[in-house]
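Give me coordinates for this.
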Amino acid sequence: MPMIEMALIVAWAVAAAGIAGYAASVAREVTYVTLADGRRQERSLPLSFKMLLPFVGNLDRFVSRPSFAKKLAETDAMLVSGGYEGLLNGREFLALEVLCPTVMGAVWSLAVVLLGAVFPDSLFVSMRLPLCIAGVILLCLEPRLWLRSAVKKRHLSIMKSLPFVLDILTLSVEAGMDFISALQRNCEARRMDPLNEELLRMTKEIQVGSSRKTALKSMADRVRQPDLKSVAYALIQADELGVSIGSILRIQSEQLRERRFDRAEKLANEAPTKMLGPLMLCIFPAVFIILLGPIVAQAMKGLL
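So this is what the prediction gives:
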């Protein structure tokens, strides 16, 4: 029996070394998306995604079933909104959602079992089953949580940049420059951030023949960020009604700043409530230990 256990440990050690080597080689790879002007912009993917991407093609038929059609469309939209168009598609992401808990969950469970065999007398042995279940559950949730976090991060960046960009566009248009030229100059002058990527793509679509209304609507539907959508549809309405774009841009900029102030005020009002948790969990116990510790120590000495 010890020989079998030793053989299993050696086999797992060899497998773990192979997995570690593969993970190290994959971690060095840099992933990119191609922007509208041909430039490549780096996009980071989790290590587990990079390790499993070569195998997602095996599940292509499974995730292409009609029952996954709605989820596939929503996932595609979220990937585009998060800035990963061309790097990941909906079918690959759904396949990753299947492979992460199965493949990575199996590796995690084997590692837990092996550690239990190496340390048979530790508390770790009794915790093997809960650790395995918790690991598999976390791996099930990881892909979707990562995607939502990527979309939220991109939307936050756009929300922060949009008022400043609208101010620049307003000044340019009111100075006599046409809207597209103002957009192009803004894209050239600013660093490449999520908002600049979307504005650059919109200008390229207009240059290749799309109408301004179509390009604005496409950007709003693609990004799905409320503030940007509001600005896009306001500009579409200004085109339809013949209203001055400069005045519309100024109004939208003022409204966005008011919304941002309201959001900051709301977060400031929520801060005291959010501080209650750390206060109750960390600060009060520390105070009690500092104040009551010597008293308890003296009482224990008296009893002994």
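
just the strands in this structure please.
Along the chain, the segments classed as strands by DSSP state E run 32-34, 40-42.

Other residues contacting the first one?
By CB atoms under 8 Å, 6 or more residues apart in numbering, the residues outside strand 32-34 that reach it are 40-43, 83-87. No exception for glycine: its C-beta is placed from N, CA and C like everyone else's.

Go through the protein and flag its longest helix.
Identified as the longest helix of the chain according to DSSP state H is helix 128-174.

now that helix: mean pLDDT?
Averaging pLDDT along helix 128-174 gives 90.

helices or strands up against that helix?
helix 47-52, helix 69-81, helix 90-99, helix 105-118, helix 179-189, helix 194-207, helix 226-241, helix 245-278 (3 or more CB pairs under 8 Å, 6 or more residues apart in numbering; DSSP states H and E).

Between those, which one is closest to L35.
helix 194-207 (5.9 Å; CB to CB).

buried residues in the closest one?
194-206 (16 or more other CB atoms under 10 Å).

could you dump those residues to a markdown table with pLDDT and distance to R224?
Below are these laid out as a markdown table (pLDDT from 0 to 100; distance: CB to CB, whole Å):
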| residue | pLDDT | distance to R224 |
| --- | --- | --- |
| P194 | 91 | 12 |
| L195 | 92 | 14 |
| N196 | 91 | 18 |
| E197 | 91 | 15 |
| E198 | 92 | 11 |
| L199 | 92 | 16 |
| L200 | 91 | 18 |
| R201 | 91 | 15 |
| M202 | 91 | 15 |
| T203 | 90 | 20 |
| K204 | 90 | 20 |
| E205 | 90 | 17 |
| I206 | 89 | 20 |
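
which among these gets closest to M177?
Among these, and counting by CB to CB, the member closest to M177 is T203, at 13.5 Å.

Tell me who's in contact with the closest one.
36, 180, 183-184, 187, 215.

cool, S218 as well?
Taking CB under 8 Å, 6+ apart as the test, what S218 contacts is 202, 205, 210.

measure the last one to T203 for me?
Put plainly, it is S210. 10 Å (CB to CB, to the nearest Å).

quick one: common contacting residues for those two?
By CB under 8 Å, 6+ apart, no residue touches both S210 and T203.

Give me the domain ranges for the protein.
2-154, 158-260 (automatic domain parsing).

Looking at these, spot the one closest to L281.
domain 2-154 (21.1 Å).

Quick one: distance of the closest one to the chain centre.
Averaged C-alpha coordinates place domain 2-154 at 15 Å from its chain's average position (CA atoms, centre = their mean, to the nearest Å).

The residue positioned nearest the centre of the chain: what's its closest spatial neighbour, skipping adjacent residues?
In the chain, the centroid-proximal residue (CA atoms, centre = their mean) is A150; its distance is 1.8 Å. The shortest distance from A150 to any non-neighbouring residue, by CB to CB, 6 or more residues apart in numbering, is to G82 (4.0 Å).

State the number of residues packed around the one you found.
24 (other CB atoms under 10 Å).

ok, now which ones touch it?
Going by CB under 8 Å, 6+ apart, G82 touches 147, 150-151, 154.

Off-centre distance for stretch 148-158?
Relative to the centre of its chain, stretch 148-158 is centred 6 Å away, using CA atoms, centre = their mean.

List the buried residues in that stretch.
150-151, 154-155, 157-158.

Listing request: residues of this protein with sub-threshold pLDDT.
Counting by pLDDT under 70, the chain shows low-confidence ranges at 1-2, 4-5, 8-9, 116-125, 284-288, 291-293, 302-304.

50 instead?
Scanning the chain with the threshold set as pLDDT under 50 gives 1.

before we move on, back to that, let me know which of the strands of the chain is tucked in deepest.
strand 32-34 (a mean of 13; mean count of other CB atoms under 10 Å).

between the helices and strands packed on helix 128-174, which one is nearest to V10?
Per CB to CB, nearest to V10 of the helices and strands packed on helix 128-174: helix 105-118, 11.0 Å.

re earlier: kindly reformat the strands of the chain as CSV containing distance to M3.
Listed next are the strands of the chain as CSV, based on distance: least, CB to CB, whole Å:
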stretch, distance to M3
strand 32-34, 50
strand 40-42, 50
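
how about the ones you listed, which one is nearest A24?
Nearest of those (CB to CB): strand 40-42, 19.3 Å.
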